[in-house]
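Visitor: generate a structure from the sequence data that follows.
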Amino acid sequence: MWRYADRLPAVAAKSIVSLGEGGTPVLDLTEPFGRLLGVASVLAKAEDRNPTGSFKARIASVAYSLVNEHGLAGTVGTSSGNGGAAAAAYAAAAGSRAILFTLTDTAPVKLREILVMGATVHRVAGVGHDAASTRAVADAIAEQAERRGFAPMLTAFHYAPEAMRGVSTIAYELAEQAPELTALYLPVGGGGLLTGVHRGYRELGHGPRLVGVQPSGSAALRRALDGHPGGIAGTVETTVSGLQMAALYDTDGAVGAVRESGGHAVEIGDEEIWRAQEQLARCGVLVEPAGATALAGLFADARAGRLHRDDRVAIVLTGAGYKDRDALARLAPDGDVPVIPPDEVPARLDALLGRTR
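Guide: The predicted model follows:
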């Protein structure tokens with residue numbers, strides 16, 4: 001990622017904190033999905049391959065490089081899990097501090113990731129699910145961080161514009177890896193990913209139409225596009241970890257990204273997201289539900305007739321499958337695996353492998 005240092009906040013080389021983030025591969029999924037969707041090609045930007053299992057590693061790398069550059073004490077922020085895990089990892093790498101306030105229902109694996117790397121964590125009632133609480137906590141963190149010598153680790157341009165520039169490197173990479181894209185589908189929580197990717201393409205002077213995909217139980221982007229002020233989702237009912245956001249932090253940026261690129265917003269049910277997660281797994285790509293949301297949106301657009309046969313589309317896979325064990329258990333319950341005695345193995349092998357030649 002730091003090969004784009006000239007486009008990132010200015011820091012000395014000695015200040016950079018890197019765990020090898022960025023440079024994620026683009027997977028060609030045209031064979032399993034192209035004909036189903038009726039498009040020319042289907043690609044996937046595999047952000048789950050980042051060091052901490054999500055695109056948030058890009059943000060944390062810039063954030064802690066800035067902490068070093070400016071002699072700050074660390075970062076403080078909110079997180080549904082992936083941002084917190086990234087902050088904890090990069091704080092540990094930098095010998096710095098990470099103080100985090102998470103949702104009460106943050107996925108247990110994500111919470112353990114944060115704790116095992118030494119961050120300080122508190123779970124806060126209402127954050128992510130209630131717009132007033134979500135914004136109040138974020139505002140308090142931003143204000144206190146500035147006064148006390150910390151950087152805000154709030155993954156939104158509204159609160160941390162310099163650190164969030166790391167997100168734009170996704171666009172820089174895609175412009176090189178897949179220059180002929182006509183549409184890019186991204187999951188939307190607080191709007192930072194959509195905003196950052198759009199800014200990256202805008203800097204380059206070209207880019208695909210951007211489609212923001214949200215669960216119907218957390219539809220802040222659609223409400224913002226419909227003219228509701230502040231990007232408030234209303235009641236958050238989705239169970240998709242990482243996309244439970246009652247408030248669209250980057251309302252203006254996300255709305256601008258969709259409108260300026262000629263894109264749109266898609267809402268899908270949680271069940272459609274789980275189905276997309278399973279479809280990706282059957283292709284050897286294991287992501288968490290939030291990471292499969294863009295594919296679910298792509299299928300929804302295919303059903304709605306919004307795709308064209310010459311479209312070259314891509315999805316962003318935002319988070320790794322190990323991040324949400326409950327979602328994996330839903331797809332593959334433990335009870336589905338038979339237990340057999342050792343002396344039965346030869347017979348099973350014979351049945352499964354067929355007769356030897």
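
Visitor: quick check: the residue most central in space within the chain vs residue 97, distance?
Guide: For the chain, the residue nearest the mean C-alpha position is residue 318 (3.4 Å; C-alpha atoms, centre = their mean). Between residue 318 and residue 97 the computed distance is 26 Å (C-beta to C-beta, to the nearest Å). The way it works is simple: take the backbone N, C-alpha and C, and place the C-beta from them, glycine included.

Visitor: any idea which helix or strand comes after the helix or strand of the chain with the lowest mean pLDDT?
Guide: Least confident helix or strand, the chain: helix 325-331 with a mean of 88, by mean pLDDT, DSSP states H and E. Remark: after helix 325-331, the chain's next helix or strand is helix 345-353, criterion DSSP states H and E.

Visitor: how about residues contacting that next one?
Guide: Contacting residues not belonging to helix 345-353 are listed as residue 340 [C-beta atoms under 8 Å, 6 or more residues apart in numbering].

Visitor: chain center to that helix: distance?
Guide: 42 Å (C-alpha atoms, centre = their mean, to the nearest Å).

Visitor: pLDDT on it, on average?
Guide: Averaging pLDDT along helix 345-353 gives 93.

Visitor: what's the burial count for residue 302?
Guide: Applying other C-beta atoms under 10 Å, we find 17 residues neighbouring residue 302.

Visitor: need the CA coordinates for the lengthiest helix in the chain. PDB is fine.
Guide: If you go by DSSP state H, the chain has its longest helix at helix 131-147. This file holds the C-alpha atoms of helix 131-147, laid out as PDB (Å, rounded to 0.1, in the frame of the first residue of the first chain):
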ATOM      1  CA  ALA A 131     -28.500   6.600  15.800                       C
ATOM      2  CA  ALA A 132     -28.400   9.100  18.700                       C
ATOM      3  CA  SER A 133     -26.100   6.900  20.800                       C
ATOM      4  CA  THR A 134     -23.900   6.000  17.900                       C
ATOM      5  CA  ARG A 135     -23.300   9.600  16.900                       C
ATOM      6  CA  ALA A 136     -23.000  10.800  20.500                       C
ATOM      7  CA  VAL A 137     -20.300   8.300  21.300                       C
ATOM      8  CA  ALA A 138     -18.400   9.000  18.100                       C
ATOM      9  CA  ASP A 139     -18.500  12.700  18.700                       C
ATOM     10  CA  ALA A 140     -17.300  12.300  22.300                       C
ATOM     11  CA  ILE A 141     -14.400  10.200  21.200                       C
ATOM     12  CA  ALA A 142     -13.300  12.600  18.400                       C
ATOM     13  CA  GLU A 143     -13.400  15.500  20.900                       C
ATOM     14  CA  GLN A 144     -11.600  13.800  23.700                       C
ATOM     15  CA  ALA A 145      -9.000  12.300  21.400                       C
ATOM     16  CA  GLU A 146      -8.000  15.700  20.100                       C
ATOM     17  CA  ARG A 147      -7.800  17.200  23.600                       C
END
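
Visitor: what's it packed up against?
Guide: Applying 3 or more C-beta pairs under 8 Å, 6 or more residues apart in numbering; DSSP states H and E, we find helix 131-147 packed against strand 74-79, strand 151-152.

Visitor: which helix or strand lies directly C-terminal to the shortest one?
Guide: Using DSSP H and E, the helix or strand that directly follows strand 151-152 along the chain is helix 168-177.

Visitor: give me the helices and strands touching that following helix, please.
Guide: So helix 168-177, by 3+ C-beta pairs under 8 Å, 6+ apart, packs with strand 41-46, helix 192-204.

Visitor: packing partners of the longest one?
Guide: Right, the one you point to is helix 192-204. With contacts defined as 3+ C-beta pairs under 8 Å, 6+ apart, the packing partners of helix 192-204 are helix 168-177, strand 183-187, strand 209-215, helix 251-261.

Visitor: which of those sits closest to residue 225?
Guide: Comparison of those against residue 225 by C-beta to C-beta identifies helix 251-261 as nearest, at 5.9 Å.

Visitor: avg pLDDT for that closest one?
Guide: If you average the pLDDT over helix 251-261, you get 97.

Visitor: what lies in contact with it?
Guide: So helix 251-261 is contacted by 157-158, 188, 191-192, 194-195, 197-199, 201-202, 207-212, 220-221, 224-225, 230-231, 248, 263-265 (C-beta under 8 Å, 6+ apart).

Visitor: in PyMOL, select just the buried ones from these.
Guide: Buried subset of those, written as a PyMOL selection, criterion 16 or more other C-beta atoms under 10 Å:
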select buried, resi 157+158+188+191+192+194+195+197+198+199+201+202+207+208+209+210+211+212+220+221+224+225+231+248+263+264+265
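
Visitor: what residue ranges in this structure are flagged as low confidence?
Guide: The model of the chain has pLDDT under 70 over residues 230-234, 335, 355-357.

Visitor: got the domain ranges for this structure?
Guide: The chain breaks down into these domains under the TED database: 2-54+165-331, 55-152.

Visitor: reformat those domains as JSON lines; add distance to residue 350.
Guide: Output for the domains of the chain, formatted as JSON lines (distance: least, C-beta to C-beta, whole Å):
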{"stretch": "domain 2-54+165-331", "distance to residue 350": "27"}
{"stretch": "domain 55-152", "distance to residue 350": "38"}
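
Visitor: nearest residue to the residue nearest to the centre of the chain other than its sequence neighbours?
Guide: Among residues not flanking residue 318 along the chain, residue 291 sits closest, at 4.8 Å (C-beta to C-beta, 6 or more residues apart in numbering).

Visitor: list the buried residues of the helix or strand hosting the one you found.
Guide: Residue 291 belongs to helix 289-303 when elements are defined using DSSP H and E. For helix 289-303, the neighbour count (16+ other C-beta under 10 Å) marks 289-302 as buried.
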